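Asks: Got a sequence here, can you model it:
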Amino acid sequence: MTPRRPTPAVALLTLTGAALVAPLLVDDRPILARRLDGSLAWPALVERGWSEADGVALVNPPLHQSWRAVHLEEALRPPSLQHPCGTDALGRDLLARVLHGARLSILVGLGATGFALAAGLLLGGTAALRGGWADLGLSRLIETLTCFPPFVLAMALVAVRGGGVGSMIVAIGIGRTASAARFARTEVLRWRGTGVWLAARASGGSRGHAAIRHLLPLLADHLSIQAAFGVAQAILLEGGLSFLGLGVPAPIPSWGNILADGRSTLEIAWWPVVIPALGLAAVLAFLLRSGSSSPESA
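Replies: Now for the predicted structure:
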């Protein structure tokens, strides 16, 4: 009996957990400190701008490095015990920037996927439940969104709205809405012909209530798989936008802008390019491997 492979949702939760605890792994602020008035503080988690003058550090992260502090005298240091992944052109610790950049990528991925699923379920479900002209109009809208590749559509929207986390979430979410809407419309149309639908309608429930009460629980597994793939795809889209300079502004780290910054130093230092590229490659490998083993690909 072959061992069961981890589901996409489990892999996503693992990546999310690693990103969320990044300040506990590498940061220049202590995890636990005592303020001058004797009270305890958690600077790495909740406080910004902490300095040694604010109190005494009690517990520091395993790697006491900053993702934002510039040290030009340590620029482009190769990987070492002090800097396991080396430093960038401004002397910032690369491991700290990659781990903290993963938090941004996860935030954008989760936000964009939640936006896409909510909008897709609303559009596709309304089209299938209403039928007639509503179905015709919403189906044409979904087909119009399908005509644009998600990355091209997201790039155009971010260029119009400007950079930032909120803009990327909305732009990537809109770009991913069409696939969720098609899925929702297909499932609702198929479900409407079953006895569960007829029984729910006979009991006096509205079409929307029947869909939310009886259909959504049946689709929970499919939606969790779509969410896992959607987050991974959104991370890649965010990396591409940040690489082109359309993402979050400097000095906030993102895998895309770390990779873009490393291009200018590739001839003399490989680590500013290879380290963030490995993170994006891991997400891509997750998509390819999970996609090839999913039921939809069979």
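Asks: Backbone dihedrals for Leu63, please?
Replies: When read as degrees, to the nearest 10, the backbone of Leu63 gives phi -120, psi 110.
Asks: correct me, but it touches Ala22?
Replies: No. Between Leu63 and Ala22 there is no contact under CB atoms under 8 Å: 10.6 Å. From N, CA and C alone the C-beta is placed, and that goes for glycine too.
Asks: Those two: which has the busier surroundings?
Replies: Ala22 (21 against 18; other CB atoms under 10 Å).
Asks: Contact partners for the more buried one?
Replies: Neighbouring residues of Ala22 by CB atoms under 8 Å, 6 or more residues apart in numbering: 99-100, 102-103.
Asks: Just give me the closest of those to Asp54.
Replies: Nearest to Asp54 among those, counting by CB to CB, is His100 at 20.9 Å.
Asks: can you give me the strands in the protein?
Replies: Using DSSP state E, the strands of the chain run over 32-35, 40-41, 55-59.
Asks: Now these in CSV, please, with extra columns for mean pLDDT.
Replies: Converted to CSV, the strands of the chain look like this (pLDDT from 0 to 100):
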stretch, mean pLDDT
strand 32-35, 91
strand 40-41, 90
strand 55-59, 89
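Asks: CSV please, covering those and showing distance to Trp133 and mean neighbour count.
Replies: Below are the strands of the chain laid out as CSV (distance: least, CB to CB, whole Å; neighbours: other CB atoms under 10 Å):
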stretch, distance to Trp133, mean neighbour count
strand 32-35, 62, 16
strand 40-41, 60, 15
strand 55-59, 63, 14
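Asks: quick one: which of these is nearest Ala134?
Replies: Ala134 lies closest to strand 40-41 among those, at 55.0 Å (CB to CB).
Asks: Contacts for that closest one next, please.
Replies: For strand 40-41, using CB under 8 Å, 6+ apart, the contacting residues are 32-35, 47, 50, 54-55, 58.
Asks: which stretch among the strands of the chain comes nearest Leu138?
Replies: strand 40-41 (51.6 Å).
Asks: Adjacent strands (with direction) for the closest one?
Replies: When pairing is defined by DSSP bridges, strand 40-41 lines up against strand 32-35 (antiparallel).
Asks: sorry, back to before: the strands of the chain into TSV, with extra columns for distance to Thr113?
Replies: Output for the strands of the chain, formatted as TSV (distance: least, CB to CB, whole Å):
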stretch	distance to Thr113
strand 32-35	34
strand 40-41	34
strand 55-59	34
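Asks: who wins for proximity to Leu287 among those strands?
Replies: strand 55-59 (37.2 Å).
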